[in-house]
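Enquirer: Quick one, structure for this:
(one chain, ligands or ions: 1)
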Amino acid sequence: MIRLDKYLADAGAGTRTQVKELIRKGCVSVDGKMIRRPEEKVNEQTVRVTVNGTEYQYRTYRYFMLNKPAGVVSATEDKREKTVLDLFPEEIRKDLFPVGRLDKDTVGLLILTNDGVLAHNLLSPKKHVSKTYLVGTGRPVSEEELRQLRSGVDIGEKKRTLPAEAWYAKEKNQIYLSIREGKFHQIKRMLAAVDNEVFYLKRITMGLLTLDENLAEGSFRELTEEEIDMLYGIEVEKEMK
Ligand code: URA
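Expert: Down below sits the predicted model:
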């Protein structure tokens, strides 16, 4: 059992103060009965709560997009290094973990959640979720090397890398590389396979989710409902119907 105002705040109906106001104003019904006490206890597993007629489901899952800065490791804890979780305040941090890993020196899009199913869907090698990186290279990549990166290169695994997308970015020494697998240090190893080197690496997309350009490095924000749906592939399914 939890308080009604907590239920509604967790369900995304507003801040704790806003939902208290809504409850006091008589906008909130619990199992069809108007309740004006924010401290009323409800069973979050079974209750039906509406605000002005709109139903709000209790959500225990949380989803964040972080623009990972360089110098932090993608782990929940580490004895020596600062982790991505250290960028989150204590009250938010609980149960969160990063969906996959970016190297310590890699920046950009990292999702943090407490939803194990979503993490599994995004990381499962069978799902081939695409990830796009902006890659700063030691020297300009030639057309021929771009072609090799697209068709697959030998990075010392049993099989060559899967077909990828690769195209030039604005700068001379930068390309975009979009891959559908996630081998250890894959981008760095792919560039090494064409005798080049990675100097800068930034992840821009994961599945249909794109890094918010307004997020400074080291900042995070909650994902919107639409973005969460995108990650679950709901939009893709709709398009395919
Ligand atoms: N590939 C790499 O080499 N490093 C990363 O952090 C991500 C992909």
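Enquirer: what domains does the record give for the chain?
Expert: The record's domain split for the chain, according to automatic domain parsing, is 2-56, 63-232.
Enquirer: Run the chain-centre distance for the shortest one.
Expert: It stands for domain 2-56. Remark: domain 2-56 is offset 28 Å from the chain centroid, using C-alpha atoms, centre = their mean, to the nearest Å.
Enquirer: measure it end to end?
Expert: Using C-alpha to C-alpha, to the nearest Å, the end-to-end distance of domain 2-56 comes to 15 Å.
Enquirer: And the longest one, by the same measure?
Expert: End-to-end distance for domain 63-232: 12 Å, by C-alpha to C-alpha.
Enquirer: Mind checking if it is in reach of the ligand?
Expert: Yes - using C-beta under 6 Å from any ligand atom, domain 63-232 reaches the ligand at 102-103, 106, 185-188, 201. Every residue, glycine included, has its C-beta placed from N, CA and C.
Enquirer: What about these, which are in strands?
Expert: Counted as lying in strands by DSSP state E, out of the residues of domain 63-232 next to the ligand, are residue 201.
Enquirer: mind putting the residues of domain 63-232 next to the ligand in JSON lines, pLDDT and neighbour count included?
Expert: JSON lines is the format used below for the residues of domain 63-232 next to the ligand (pLDDT from 0 to 100; neighbours: other C-beta atoms under 10 Å):
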{"residue": "102", "pLDDT": "98", "neighbour count": "23"}
{"residue": "103", "pLDDT": "98", "neighbour count": "16"}
{"residue": "106", "pLDDT": "98", "neighbour count": "21"}
{"residue": "185", "pLDDT": "97", "neighbour count": "14"}
{"residue": "186", "pLDDT": "98", "neighbour count": "18"}
{"residue": "187", "pLDDT": "98", "neighbour count": "23"}
{"residue": "188", "pLDDT": "98", "neighbour count": "18"}
{"residue": "201", "pLDDT": "98", "neighbour count": "22"}
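Enquirer: Restricted to helices, list the residues of domain 63-232 next to the ligand.
Expert: Counted as lying in helices by DSSP state H, out of the residues of domain 63-232 next to the ligand, are 186-188.
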